[in-house]
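1. what follows is a predicted protein model with its sequence.
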Amino acid sequence: MSNEPSMTSFRLAGRGITKRFGSQTALEHVDFELAAGEVKGLLGANGAGKSTLLKILAGAIMPDEGHLLLNGKPVRMNSMWDANSRGIALVSQELSLFPSLSVRENLEIAGCNDRRMSRADRDNAARSALSELGLTVSLSLPLGRLSLGDRQLVEIARALLQEPQVLILDEPTSALHEAEKRRLLEVIKGVRARGVGVIYVSHFLEEVLEVADALVVLRDGKRVPADFKPSKERLPELVSAMLGESAVSGERMAPDGCLDPGRREAPPAVRGRAKTGSLVIAGLKGPAHLSIPSWTIEPGKVIGVAGLMGSGVEELFGILFGRLRASQGTIELPSGRYAPRSINQAVQSGVAYVPADRKRIGLMIEQSIAENVSAVRSLVQQADGFFLSESRSDSLAHDRCAALRLQSRSVRQKVGALSGGNQQKVVFAKWLEAKPSLVLLDDPTRGVDIGAKREMHGIIRGLAEQGCVVLMHSSDPLELVNVCSRIHVFVNGMLHSRLDGDGLTEHALVSAMNRRSLKREYSELEAQAV
Amino acid sequence: MTSHIDQALRGKITLTRRLGSLDEGGLLLAVVCLGLLIGIPHPEFLDARSIVTVLRQTAFAGIIAFGMVYLISMIEIDLSVGSIYCWAATVVALLINNGLDPWLAAVAGVLSAGVLGAFNGALASVLDVPIIIVSLGTLSAIRGAALILSGGRAITGMPRQHALFVWFGSDWLGIPVPVWFLAGVGLVLHVVFRHTRFGAVVRAIGSNIDAAKFIGVRVTRYRIFVTAIVGLLCGISGVLTLAFFKASDPSLGAGLELQVVAAVVIGGTSLAGGTGTLLGAFLGVLLISMIGSGLVFYGVSGNWAQFVTGLVIVAAIALDRTIKRRKAPAGRASELP
């Protein structure tokens, strides 16, 4: 303790922070300190209290006990606006922007911009903040037209424009691609050099280890007392600190989990279709220069498809799911049917798609778990007839959720009340109910904590073992490497390389994905010139 | 909904508590309060005859309101319902006057109303705009068509002895036939809404249209289907109206659309979509009809009628929401398995 710098040298500190919600204690006597020019990684599993701590530090909620010190002086912040005006900016996990407003309006709405600046000056500042993050878009474009990743960058730019003393980043990279992530990490290092204190939260541990100067680990609302220096060698140790000892073996159960212990060891009950054909693609041409002369994917293994934005992966998934049309070529689905002409046909032909954008297209947030789980089976495949029995659909949903170890009070609970990991399990449950033979996974574990992520990976492998053709795409290359037995890399719409066996490493994957992208930029420049 | 059924099955609960646990309980209380408010100083309001009159008025708008519950829970509104209602009554009356068999005329009128409804849904899908926007146009186009056909005059001279007018225009077991229709249509549409695939798809579209499209729900097809149902209901209501009044008027159903939307929303169907209640819609229409009769009993002058109607509606909503808010914690507890 004596070696610690004195309290006044901290930019932001919390002492004995305690917060209770009803009978539950979210945070218990947590000390937290952030020096000027320091990047502090905040780690913890879902429900460990990270979000609550961030909300307190950002003024969104007040602690029940304990106090905050800003630049050594005690502060009471009773709103985010209050915290904002004291130089604390939060980039939250829930994107808090306005889709129908323009990029410019979204950047200015924070209200901390200097009103004396001319519009041109403000626009220049906005443009340079965006381009520092690698985003070049028109400021008058409605935000809703941007991709999820670009929106995230706008949100970060908004925080940077406030020139904060303390910058809080909660899962800032969940929708970003590798190159954008790299750039963001560089920006963070730049901000740190200007003396800003940064609090960084991410489910990607490697990312935190790379950027953070020091780590704080929360578990069950308490700060894990050990001191963690960020280094890759200590990753296993960190994971066990986050999850508790039992987690290292891959088993983590909430004490109130609704499952009987006997089922824990059982593999996820995945009822695949009897048909176990291959996915056969021949002479396929589609949007974004997508061109696949001949490709057969056999069932039984998790196959990764990787590629940067515009590499054709998104388009391939779109064609297989009936959202896009191929201009040429034939596709034979594992169920024996041909290329779907609509999503409805795709679903009827046994194609399932777990999308990245869970809230928007993955779930009906206001409906119950049971209604979500039975949606594909009973509404689209019409497997339950015209009259629907609530008790039957409840019991099917209950069995499916139990097999996926979904933690909830009842299947009548609203999906919106679940944690991210459990919500994603509902998405999986919904598609498993459809008994798919081809499963497309687009970032299936985004925004999910490491324990739930591991369970998802088990579910995904189980699907393949049951005889489904499984194609997986992820914004996290390491995840692909860990889960897939083979990865096909797309560059500029072409199948560029194939990684398996010893060649299946994160390094090989990232370099394969980025190959020839220089050449592409060059050809784009040429195209613009013409 | 389910919680009170569960409790009832366990046989532990009294009728009053069951009514209290109903989502529509607050509105029911508002209806009862209004009934007493009118009935105590003016006991003749509670006579069988005036109750029957109020119920009959409720039936004409109520049948249409049931369809509107489906639309509003899909986050859509059709403003042309009053015009389609008028169109159906006018066309049937004209066909009968031109010598067509009244039964055939009625069927033709109802079907043409269904087609007009489906047209709203189809046009909205083709143009990719909400139905409310299309119906802003069809609202006056359809009424205009009815005006042109009727030459702007009321159509009378119906064959009062014909079975259509005798049956549909009279009472059965002391209750007007339109009220039986109201009950029958309401029951069927309630079951469809709560317990069938069709209803579940409608609610799914309303709760997240993008998610529904993403699992392969044919949203366009359902939208057109629901607007067709709304059109058919307008047609049925129009024929029943003609059978009762034995005449059609080009101003029939003017302003009905707002009355119907108000009734559905007062009833508790959320404008945010995904949920709806037919019982609530019925109570909403009933409340509005009762206000209309109450004004007569109290002798409120024509100039004040609209003003008072508005105040009573706002008071009813306030009462309903206050009760819901009080009940909220208990409601959440009952969700536990």
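-> Yep, that arrived. Residues are numbered from 1 along each chain as shown, chains lettered A, B, ... in the order given.

2. mind checking the SS state of the most centrally placed residue in chain A?
-> Compute the mean C-alpha point of chain A, and by CA atoms, centre = their mean the closest residue is A:Arg446, 2.5 Å away. Assigned with DSSP: H, G, I helix; E, B strand; the rest coil, A:Arg446 falls in the coil class.

3. what's the pLDDT at it?
-> A:Arg446 carries a pLDDT value of 80.

4. wait, what's in contact with it?
-> By CB atoms under 8 Å, 6 or more residues apart in numbering or on different chains, the residues touching A:Arg446 are A:Ser174, A:Ala175, A:Ala356, A:Arg358, A:Ser475. C-beta: built from backbone N, CA, C; applies to glycine.

5. kindly recompute the last result at 10 Å.
-> By CB atoms under 10 Å, 6 or more residues apart in numbering or on different chains, the contact list for A:Arg446 reads A:148, A:171, A:174-175, A:203, A:355-358, A:420, A:424, A:453, A:474-476, A:479.

6. what sits up against stretch B:94-103?
-> Stretch B:94-103 is contacted by residues B:92-93, B:104-109, B:112, B:146, B:149-151, B:155-159, B:162-165, B:168, B:239, B:242-243, B:248 when judged by CB under 10 Å, 6+ apart.

7. quick one, which of those residues are buried?
-> Buried by 16 or more other CB atoms under 10 Å in any protein chain shown: B:92-93, B:105-106, B:108-109, B:112, B:146, B:150, B:155, B:158, B:164-165, B:168, B:239, B:242-243, B:248, out of the contacts of stretch B:94-103.

8. and those, which of them are in helices?
-> Residues of these located in helices (DSSP state H): B:92-93, B:105-106, B:108-109, B:112, B:146, B:150, B:164-165, B:168, B:239, B:242-243.

9. nearest to A:Glu108 among those residues?
-> Closest approach to A:Glu108 among those (CB to CB): B:Ala146, at 51.8 Å.

10. interface residues of the stretch 201-337 of chain B facing chain A?
-> For the stretch 201-337 of chain B, the residues in contact with chain A (CB under 10 Å from any CB of the partner chain) are B:201, B:203-218, B:221, B:270, B:272-275, B:335-337.

11. ok, which stretches of the stretch 351-500 of chain A are helices?
-> Using DSSP state H, counting those that start in this stretch, the helices of the stretch 351-500 of chain A run over residues A:369-374, A:390-403, A:420-432, A:450-465, A:477-483.

12. tell me the strands in the stretch 251-400 of chain A, going along the chain?
-> For the stretch 251-400 of chain A, applying DSSP state E, counting those that start in this stretch gives strands covering A:279-285, A:291-297, A:302-306, A:328-332, A:351-354.

13. nearest to chain B, of these?
-> strand A:351-354 (7.4 Å; CB to the nearest CB).

14. just checking, what packs against the closest one?
-> Based on contacts counted as 3 or more CB pairs under 10 Å, 6 or more residues apart in numbering or on different chains; DSSP states H and E, the elements that strand A:351-354 packs against are helix A:313-320, helix A:343-348, helix A:420-432, strand A:438-442, helix A:450-465, strand A:469-473.

15. re the thing from before, looking at the helices of the stretch 351-500 of chain A, which is buried most?
-> Highest mean neighbour count among the helices of the stretch 351-500 of chain A (mean count of other CB atoms under 10 Å in any protein chain shown): helix A:369-374, with a mean of 28.

16. packing partners for that helix?
-> Under the contact criterion of 3+ CB pairs under 10 Å, 6+ apart, helix A:369-374 touches helix A:390-403, helix A:420-432, helix B:197-207.

17. now render these as CSV, adding mean pLDDT and distance to A:Leu463.
-> Formatted as CSV, the helices and strands packed on helix A:369-374 follow (pLDDT from 0 to 100; distance: least, CB to CB, whole Å):
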stretch, mean pLDDT, distance to A:Leu463
helix A:390-403, 89, 12
helix A:420-432, 89, 8
helix B:197-207, 92, 25
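
18. using JSON lines, lay out the ones you listed together with distance to B:Ile63.
-> Formatted as JSON lines, the helices and strands packed on helix A:369-374 follow (distance: least, CB to CB, whole Å):
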{"stretch": "helix A:390-403", "distance to B:Ile63": "27"}
{"stretch": "helix A:420-432", "distance to B:Ile63": "36"}
{"stretch": "helix B:197-207", "distance to B:Ile63": "18"}
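
19. closest one to A:Ala326 among the ones you listed?
-> Taking CB to CB, helix A:420-432 is the member of these nearest to A:Ala326, at 22.9 Å.

20. is the closest one positioned near chain B?
-> Yes. Judged by CB under 10 Å from any CB, helix A:420-432 comes into contact with chain B at A:Val427, A:Lys430, A:Trp431.

21. related to what we said a few turns ago, looking at the helices and strands packed on helix A:369-374, which is nearest to A:Gln165?
-> helix A:420-432 (29.8 Å).

22. tabulate the helices and strands packed on strand A:351-354 (TSV), appending distance to A:Arg122.
-> Converted to TSV, the helices and strands packed on strand A:351-354 look like this (distance: least, CB to CB, whole Å):
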stretch	distance to A:Arg122
helix A:313-320	34
helix A:343-348	43
helix A:420-432	35
strand A:438-442	37
helix A:450-465	41
strand A:469-473	38
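
23. looking at the chain, which helix or strand does the model trust least?
-> You didn't pick a chain, so chain A it is. Using mean pLDDT, DSSP states H and E, helix A:517-529 stands out as the lowest-scoring helix or strand of chain A, at a mean of 49.

24. quick check: which element contains residue 181?
-> I went with chain A, as the question did not name one. Using DSSP states H and E, A:Lys181 maps to helix A:178-193.

25. meant chain B actually
-> Following DSSP H and E, one finds B:Phe181 within helix B:177-195.

26. now do the closest residue to A:Val483 other than its chain neighbours against A:Leu441, distance only.
-> Ranked by CB to CB, 6 or more residues apart in numbering or on different chains and with sequence neighbours excluded, the top spatial neighbour of A:Val483 is A:His457, at 5.1 Å. A:His457 sits at a distance of 11 Å from A:Leu441 (criterion: CB to CB, to the nearest Å).

27. any shared contact partners between these two?
-> Residues touching both A:His457 and A:Leu441 (CB under 10 Å, 6+ apart): A:Val302, A:Met472, A:Val483.

28. what about the top helix by length along chain B, average pLDDT?
-> Under DSSP H, the helix in chain B containing the largest number of residues is helix B:302-333. For helix B:302-333, mean pLDDT is 72.

29. out of the helices and strands packed on strand A:351-354, which gets nearest to A:Arg104?
-> Closest to A:Arg104 of the helices and strands packed on strand A:351-354 is helix A:313-320 (CB to CB; 27.8 Å).

30. is chain B contacted by that closest one?
-> No. Figure legend: helix A:313-320 not in contact with chain B (CB under 10 Å from any CB); closest approach 11.7 Å.

31. list the contacts for B:Ile236?
-> Counting by CB under 10 Å, 6+ apart, B:Ile236 touches B:60, B:63-64, B:67, B:85, B:88, B:106, B:109-110, B:113-114, B:168, B:178, B:181, B:185.

32. name the helix or strand for it, please.
-> Element membership for B:Ile236 (DSSP H and E) is helix B:219-245.

33. next, the angle from that helix to helix B:177-195.
-> Angle, helix B:219-245 to helix B:177-195, by axes from the mean of the first three to the mean of the last three CA atoms, to 10 degrees: 160 degrees.

34. return the set of buried residues in helix B:219-245.
-> Neighbour-count burial for helix B:219-245, counted by 16+ other CB under 10 Å, picks out B:219, B:222-245.

35. and it, how far out from the chain's middle?
-> Put simply, helix B:219-245 sits 10 Å off its chain's centre (CA atoms, centre = their mean, to the nearest Å).

36. cool, stretch A:124-133 as well?
-> Put simply, stretch A:124-133 sits 25 Å off its chain's centre (CA atoms, centre = their mean).

37. before we move on, the earlier item: put the alpha carbons of the helix holding A:Lys181 into PDB.
-> Taking Å, rounded to 0.1, in the frame of the first residue of the first chain, the C-alpha atoms of helix A:178-193 are listed here in PDB:
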ATOM      1  CA  GLU A 178      -9.700  -6.500 -37.200                       C
ATOM      2  CA  ALA A 179      -8.200  -3.500 -39.000                       C
ATOM      3  CA  GLU A 180     -10.600  -1.100 -37.300                       C
ATOM      4  CA  LYS A 181      -9.700  -2.600 -33.900                       C
ATOM      5  CA  ARG A 182      -6.000  -2.100 -34.500                       C
ATOM      6  CA  ARG A 183      -6.700   1.500 -35.400                       C
ATOM      7  CA  LEU A 184      -8.800   2.100 -32.300                       C
ATOM      8  CA  LEU A 185      -6.100   0.600 -30.100                       C
ATOM      9  CA  GLU A 186      -3.600   3.100 -31.700                       C
ATOM     10  CA  VAL A 187      -6.000   6.000 -31.000                       C
ATOM     11  CA  ILE A 188      -6.300   4.900 -27.400                       C
ATOM     12  CA  LYS A 189      -2.600   4.900 -27.000                       C
ATOM     13  CA  GLY A 190      -2.500   8.400 -28.500                       C
ATOM     14  CA  VAL A 191      -5.200   9.600 -26.100                       C
ATOM     15  CA  ARG A 192      -3.200   8.100 -23.200                       C
ATOM     16  CA  ALA A 193      -0.200  10.100 -24.300                       C
END
